[in-house]
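J.: need a structure here:
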Amino acid sequence: MKLKILAVGQKMPAWVTSGYQEYAKRMPRECSLELVELAPGKRTKQSHLAKVVEDEGKRILATLKDSDYVVALEVKGKQWSTADLAAKLSSWQGVHGVIVLIIGGPDGLSEACLQRANQLWCLSALTFPHPLVRVVLAEQLYRGWSLMNNHPYHRE
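T.: As a prediction, this is how the structure comes out:
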């Protein structure tokens with residue numbers, strides 16, 4: 001199974017890149033983690049945010065394949081515990097070749113992206129700085145894999 005994080009946002013601070021890479025390198029070959037960054041839309045005082053989000057959504061959708069299983073990170077999605085995530089990873093394994101987890105821009109995902117998603121996941125009820133989401137997501141994917149495989153990283 002391949003996990004792909006599709007994130008709007010480029011040129012992240014070094015701590016974000018380092019944090020993401022730390023967990024990505026821990027993932028085993030049979031559950032690899034890849035990050036694909038998309039440039040955010042231009043935001044100015046005159047920008048219509050709905051148009052910016054729609055444009056970002058079109059570019060996100062253009063990168064997806066019909067066969068991709070898509071999980072959109074969305075504040076209105078369902079919250080999962082670590083055990084829930086481990087169960088999802090286990091159910092996806094062997095059934096879906098590529099799982100794409102979408103992180104929208106600072107203003108969220110377009111309606112078209114939400115409609116394309118197979119599942120909506122609310123990472124937390126807390127509000128995180130946008131760059132931090134990819135680090136938290138990578139860590140949680142590693143933790144879920146660890147629990148699924150009885151690895152000592154996850155402790156309850």
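
J.: Would you mind pulling up the elements that the lengthiest strand in the chain packs against?
T.: Among the elements of the chain assigned as strand by DSSP state E, the one spanning the most residues is strand 69-79. Strand 69-79 makes packing contacts with strand 98-103, helix 111-116, strand 119-122 when contacts are defined by 3 or more Cβ pairs under 8 Å, 6 or more residues apart in numbering; DSSP states H and E. C-beta: built from backbone N, CA, C; applies to glycine.

J.: List the contacts of the shortest one.
T.: Pointing back at strand 119-122 there. By Cβ atoms under 8 Å, 6 or more residues apart in numbering, the list of residues contacting strand 119-122 from outside reads 70-80, 101, 114.

J.: One more pass at 7 Å, please.
T.: With contact meaning Cβ atoms under 7 Å, 6 or more residues apart in numbering, strand 119-122 is reached by 71-80, 114.

J.: Which one of the residues you listed is nearest to His96?
T.: Closest to His96 out of those is Val71 (10.2 Å), distances taken as Cβ to Cβ.

J.: who does Leu101 bridge with?
T.: Ile5, Val71 (DSSP bridges).

J.: Good, we can wrap up now.
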